[in-house]
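Colleague: starting from these lines, generate the structure:
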Amino acid sequence: MDTKKKFGGLLVILIAIVVLSACAAKPTVDPNQKSTEIAATVQAELTQIALLTPSATATLEPTPTPTQAPPTPTVNTTPATATPTAKPTVPPALSGDNSRFIGDVNYPDGEIVKAGTSFTKTWTFINNGTTTWTKDYSLIYLEGNLLGANGATFFKLTKDVAPGETAEISAKFIAPTTNGRYTSSWKLYSASGYPFGEYCSIDITVGTPSTGTVTATTEATTAPTSATTP
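Modeller: Numbers count the residues shown, from 1 in each chain. This is a model prediction of the structure:
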């Protein structure tokens, strides 16, 4: 009986030793290998995260646009040509101003004038209106390449002209220094500044007059109504 108990106790001790030996046995997995596997797994996960994370795109700064210098204004060097402010028209219905052109007193169309010569052109008009032309009325340039002396574009009347009267109206000119044909048109303007009646013109040729050529001038029986610049 004691022998059986001793055997049973010995058996228990052996089993305990086996169990303890099993618990104290070395692990079957190499720790270095396990660390390598874990490091590889972590690296793979980091790589995957890097691929899934969008990379930041650099914002390009806009290229500044150079400010252009303002264009240089173009200067028109062509000399201005005198332009008429009004064409021959009839006066307003209630003005009473009117005129009729009678003819040239001197320097008829085509007259040859020596270059640089000063001369006075005279025309004849009749006042066929109902108002008196005063000294505030003017003979004004309309168009053409021949202005009055020293570039004058208007000449005021020198006397009053009543309705029904005929008047000789004059303007001073200087023949250009270059040979050729020169013309211009002129018209009477009221003291209020509007044109009326018929217009007159001058048409000369600058050149060398023929020997013995004399410009015809008609002397009026009464004092002519000349137009003068102010």
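
Colleague: remind me which residues of this protein are low pLDDT?
Modeller: 1-94, 211-230 (pLDDT under 70).

Colleague: ok, which stretches of it are strands?
Modeller: 100-104, 111-113, 118-126, 138-144, 154-157, 166-174, 180-189, 195-206, 227-228 (DSSP state E).

Colleague: with distance to Thr132 and mean neighbour count as extra columns, can I get the ones you listed in CSV?
Modeller: To be clear about C-beta, it is placed using only N, CA and C from the backbone, and glycine gets the same treatment. Supplementary listing: the strands of the chain in CSV, determined by distance: least, Cβ to Cβ, whole Å; neighbours: other Cβ atoms under 10 Å:
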stretch, distance to Thr132, mean neighbour count
strand 100-104, 16, 15
strand 111-113, 32, 18
strand 118-126, 13, 19
strand 138-144, 15, 21
strand 154-157, 11, 19
strand 166-174, 11, 21
strand 180-189, 13, 19
strand 195-206, 13, 20
strand 227-228, 16, 22
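
Colleague: tell me who's in contact with the closest residue to Ser210 other than its chain neighbours.
Modeller: Closest residue in space to Ser210, ignoring its immediate chain neighbours: Ile112 at 7.3 Å, by Cβ to Cβ, 6 or more residues apart in numbering. Listed by Cβ atoms under 8 Å, 6 or more residues apart in numbering, the contact partners of Ile112 are Ile204, Thr205, Val206, Gly207, Thr208, Pro209, Ser210, Thr213.

Colleague: cool, Asp203 as well?
Modeller: Asp109, Gly110, Glu111, Arg181, Tyr182, Thr183.

Colleague: which one of those is nearest to Thr124?
Modeller: Asp109 (14.8 Å; Cβ to Cβ).

Colleague: quick check on the closest one: phi, psi?
Modeller: The phi and psi values for Asp109, taken as degrees, to the nearest 10, are phi -60, psi 130.

Colleague: count the residues that sit near it.
Modeller: 11 (other Cβ atoms under 10 Å).

Colleague: hey, what's the closest residue to it other than its chain neighbours bridged with?
Modeller: Computed as Cβ to Cβ, 6+ apart, the closest residue to Asp109 that is not its neighbour in sequence is Asp203, at 4.0 Å. Per DSSP bridges, the residues bridged to Asp203 are Thr183.

Colleague: re earlier: so what sits opposite the residue nearest to Ser210 in the bridge?
Modeller: Here Ile112, judged by DSSP bridges, has bridge partners Thr205.

Colleague: quick one: it from Asn127, how far?
Modeller: Per Cβ to Cβ, to the nearest Å, Ile112 is found 33 Å from Asn127.

Colleague: just the CA trace of stretch 107-123, in PDB.
Modeller: Extracted C-alpha coordinates of stretch 107-123, given in PDB (Å, rounded to 0.1, in the frame of the first residue of the first chain):
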ATOM      1  CA  TYR A 107     -10.500 141.100-111.800                       C
ATOM      2  CA  PRO A 108     -12.900 139.000-113.800                       C
ATOM      3  CA  ASP A 109     -12.500 135.200-113.800                       C
ATOM      4  CA  GLY A 110      -9.200 134.100-115.300                       C
ATOM      5  CA  GLU A 111      -7.400 137.400-114.700                       C
ATOM      6  CA  ILE A 112      -3.600 137.000-114.600                       C
ATOM      7  CA  VAL A 113      -2.000 138.600-111.500                       C
ATOM      8  CA  LYS A 114       1.700 138.800-110.900                       C
ATOM      9  CA  ALA A 115       2.900 136.800-107.900                       C
ATOM     10  CA  GLY A 116       3.000 138.700-104.600                       C
ATOM     11  CA  THR A 117       0.900 141.600-105.900                       C
ATOM     12  CA  SER A 118      -1.600 143.300-103.500                       C
ATOM     13  CA  PHE A 119      -4.900 144.100-105.000                       C
ATOM     14  CA  THR A 120      -8.600 144.800-104.200                       C
ATOM     15  CA  LYS A 121     -11.400 142.700-105.700                       C
ATOM     16  CA  THR A 122     -14.800 144.400-106.000                       C
ATOM     17  CA  TRP A 123     -18.200 142.900-106.600                       C
END
